[in-house]
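K.L.:
Below are the sequence and a predicted model; questions follow.
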Amino acid sequence: LEKARWGRFNLIKGKIKIELPKTTDAKNMTLEEVQAIIEKKAPKKKTRKAPAKKKAVKELDLADILAGELNKQSKDSKVAFFLNDDEAPTNVDGWISTGCAMLDVAVSNRPYGGLPVGRITEITGLEQSGKSLVSAHLLAETQRQGGVAVLIDTETAVSREFLEAIGVDVSKLLYVTADSVEQIFDFTETIIEKVRETSKDKIVTIVVDSVAAASTTNELASDYKKDGYATDKAIIISKAMRKITNMIGRQKISLVFTNQLRQKMNAMFGDPWTTSGGKALAFHASVRLRLKNMGQIKQKVNGTDKTIGMKVRCQVIKNRMGPPLRSADFEIFFDRGIDNYGSWLGVMKENKLLKQAGAWYTYVDTDTGEEIKFQSKDFIEMMGTRVELREQIYKKICNETILQYKSDSTDIEAHELDTAGAEVVD
């Protein structure tokens with residue numbers, strides 16, 4: 001209670017102010033009587049959610065109006081979308097498997113994923129790390145989906161026999177040679193425009209192998225003694241990326257670049273590696289993979305050890321399709337390419353989906369309750385013959401490795417902060 005002039009008293013609590021008449025004996029009022037007057041004079045509860053919904057409807061109607069006006073201005077194509085529309089450019093029209101299911105899950109963060117269609121991907125690594133081999137698996141998977149596979153080669157070092165062993169139909173593979181960076185993007189733009197005119201629903205994968213081996217027109221025309229053309233390549237690639245990225249996003253085309261890693265000069269901290277051709281490709285790529293050779297795979301043949309493959313670790317250093325900075329380990333054999341099921345065993349051990357006792361593994365079939373004992377050399381054959389067991393294991397791996405995004409469900413409209421900073425709850 002606070003005494004005021006003219007014989008009147010003001011009751012102040014929060015935002016409520018009650019003025020008593022002169023005849024009221026405020027000095028002798030009890031606290032209960034004051035509280036009763038405050039509750040009687042206090043405003044009733046307000047329902048705040050209903051006006052919020054009406055406001056949301058009005059904003060949505062205004063958004064529809066704005067979208068319609070923007071699409072009228074652009075007569076050639078639709079430019080304004082809502083992200084829940086099926087025709088929005090942000091929607092991924094398909095996925096192309098890399099040949100390794102664990103790498104597909106790491107990139108797409110979904111079952112049966114892979115590299116996204118309608119996006120740009122960069123595959124980097126040192127020499128003999130598997131860049132061209134992963135690209136060949138992408139071409140083979142594109143053909144399995146009924147699409148068109150295009151290989152733009154600047155190194156002219158493709159083995160036809162090895163492509164056939166991986167599963168590429170060389171009779172339907174479009175092989176293009178390019179001498180310069182300008183030719184690479186001229187050919188790519190021609191392919192995109194032709195696809196737009198003819199078959200919009202057919203998946204097209206364009207693999208450029210590689211960016212580092214491509215020169216510029218000025219560099220090819222000059223002699224070996226002259227220098228100073230290093231920046232030309234970066235400028236051309238930067239201009240081409242600004243032009244092609246939006247064109248790729250509107251078509252069912254996957255553009256894949258392979259690039260070489262170069263060591264930075266005097267790099268004492270941070271990442272010591274960089275790529276050739278400037279930074280434009282790294283910025284415009286939706287997915288960037290870095291391959292690393294982890295060792296050789298040897299087998300005894302006639303009493304001597306022979307190298308039959310290598311172990312590779314792929315790091316997802318940039319990913320706009322899912323969580324970045326993940327990795328997948330797999331094995332590459334020189335006679336058949338990537339071993340898909342061999343990488344499953346390591347993921348199962350990391351997530352404790354099986355038990356290990358020496359060289360033997362024990363897996364419990366959740367459908368039948370059967371305990372399956374096997375060795376690592378028998379796992380690949382078991383995955384190839386037992387389809388139901390393979391699907392069960394794959395689902396368990398996906399449940400353990402796929403990241404579930406958390407949504408904030410806090411009802412902000414139910415809370416309001418007053419001017420003093422205290423929280424007032426309805």
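P.N.:
Okay, I see it.
K.L.:
hey, where'd the strands end up in the stretch 51-200 of the chain?
P.N.:
All strands of the stretch 51-200 of the chain, identified by DSSP state E, counting those that start in this stretch, fall at 95-96, 115-116, 120-125, 148-153, 174-177.
K.L.:
closest to R160 out of these?
P.N.:
Nearest of the strands of the stretch 51-200 of the chain to R160, taken as CB to CB: strand 174-177 at 9.4 Å. Quick note: C-beta positions are derived from backbone N, CA and C, even for glycine.
K.L.:
That closest one pairs with which strands?
P.N.:
strand 148-153 (parallel) (DSSP bridges).
K.L.:
rewinding a little: make a markdown table out of the strands of the stretch 51-200 of the chain and add mean neighbour count and distance to S254.
P.N.:
Shown next, in a markdown table, are the strands of the stretch 51-200 of the chain (neighbours: other CB atoms under 10 Å; distance: least, CB to CB, whole Å):
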| stretch | mean neighbour count | distance to S254 |
| --- | --- | --- |
| strand 95-96 | 24 | 6 |
| strand 115-116 | 25 | 6 |
| strand 120-125 | 26 | 7 |
| strand 148-153 | 21 | 10 |
| strand 174-177 | 14 | 14 |
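K.L.:
Go through these and name the closest to E32.
P.N.:
Among those, strand 115-116 comes nearest to E32, with 68.4 Å by CB to CB.
K.L.:
mind checking how far the helix or strand encompassing E388 is from the chain centre?
P.N.:
Using DSSP states H and E, E388 falls within helix 387-401. Relative to its parent chain, helix 387-401 has a centroid offset of 21 Å by CA atoms, centre = their mean, to the nearest Å.
K.L.:
Show me the contact partners of stretch 74-81.
P.N.:
L66, A67, G68, L70, N71, Q73, E87, A88, P89, T90, R250 (CB atoms under 8 Å, 6 or more residues apart in numbering).
K.L.:
swap the cut-off to 6 Å and go again
P.N.:
With contact meaning CB atoms under 6 Å, 6 or more residues apart in numbering, stretch 74-81 is reached by A67, L70, N71, A88.
K.L.:
Name the residues of it that come out as buried.
P.N.:
A80, F81 (16 or more other CB atoms under 10 Å).
K.L.:
and what of stretch 178-185?
P.N.:
So for stretch 178-185, counting by 16+ other CB under 10 Å, buried means A178, S180, V181, E182, Q183, I184, F185.
K.L.:
Next, give me the two most distant ones among the contacts of stretch 74-81.
P.N.:
L70 and A88 (13.9 Å).
K.L.:
any idea which of the contacts of stretch 74-81 has the most stuff around it?
P.N.:
Greatest neighbour count in the contacts of stretch 74-81, by other CB atoms under 10 Å, goes to A67: 16 neighbours.
K.L.:
Just the pLDDT at it, thanks.
P.N.:
Predicted confidence (pLDDT) for A67: 91.
K.L.:
Tell me how far the residue nearest to it when sequence neighbours are not counted lies from I65.
P.N.:
Nearest residue to A67, sequence neighbours excluded (CB to CB, 6 or more residues apart in numbering): A80, at 3.9 Å. Taking CB to CB, to the nearest Å as the criterion, A80 is separated from I65 by 11 Å.
K.L.:
returning to what we had before: look up phi and psi at the residue nearest to A67.
P.N.:
A80 has phi and psi values of phi -110, psi 130 when expressed as degrees, to the nearest 10.
K.L.:
Now do the helices in the chain.
P.N.:
Under the criterion DSSP state H, the chain contains helices at 31-41, 49-73, 101-108, 131-144, 160-166, 181-197, 217-221, 230-249, 280-284, 342-350, 376-385, 387-401.
K.L.:
Could you dump those into JSON lines with distance to T307 added?
P.N.:
Formatted as JSON lines, the helices of the chain follow (distance: least, CB to CB, whole Å):
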{"stretch": "helix 31-41", "distance to T307": "86"}
{"stretch": "helix 49-73", "distance to T307": "59"}
{"stretch": "helix 101-108", "distance to T307": "23"}
{"stretch": "helix 131-144", "distance to T307": "15"}
{"stretch": "helix 160-166", "distance to T307": "16"}
{"stretch": "helix 181-197", "distance to T307": "34"}
{"stretch": "helix 217-221", "distance to T307": "37"}
{"stretch": "helix 230-249", "distance to T307": "35"}
{"stretch": "helix 280-284", "distance to T307": "33"}
{"stretch": "helix 342-350", "distance to T307": "16"}
{"stretch": "helix 376-385", "distance to T307": "18"}
{"stretch": "helix 387-401", "distance to T307": "29"}
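K.L.:
Which one, of those helices, ends up nearest to V256?
P.N.:
helix 131-144 (5.9 Å).
K.L.:
Go ahead and name everything in contact with the closest one.
P.N.:
The contact list for helix 131-144 (CB under 6 Å, 6+ apart) reads 96-99, 123, 125, 149, 163, 166-169, 203, 205, 207, 209, 256, 258, 291, 338.
K.L.:
Generate a ChimeraX selection restricted to the buried entries among those residues.
P.N.:
To isolate the buried members of the contacts of helix 131-144 in ChimeraX, using 16+ other CB under 10 Å:
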select :96,97,98,99,123,125,149,163,166,167,168,203,205,207,209,256,258,291,338
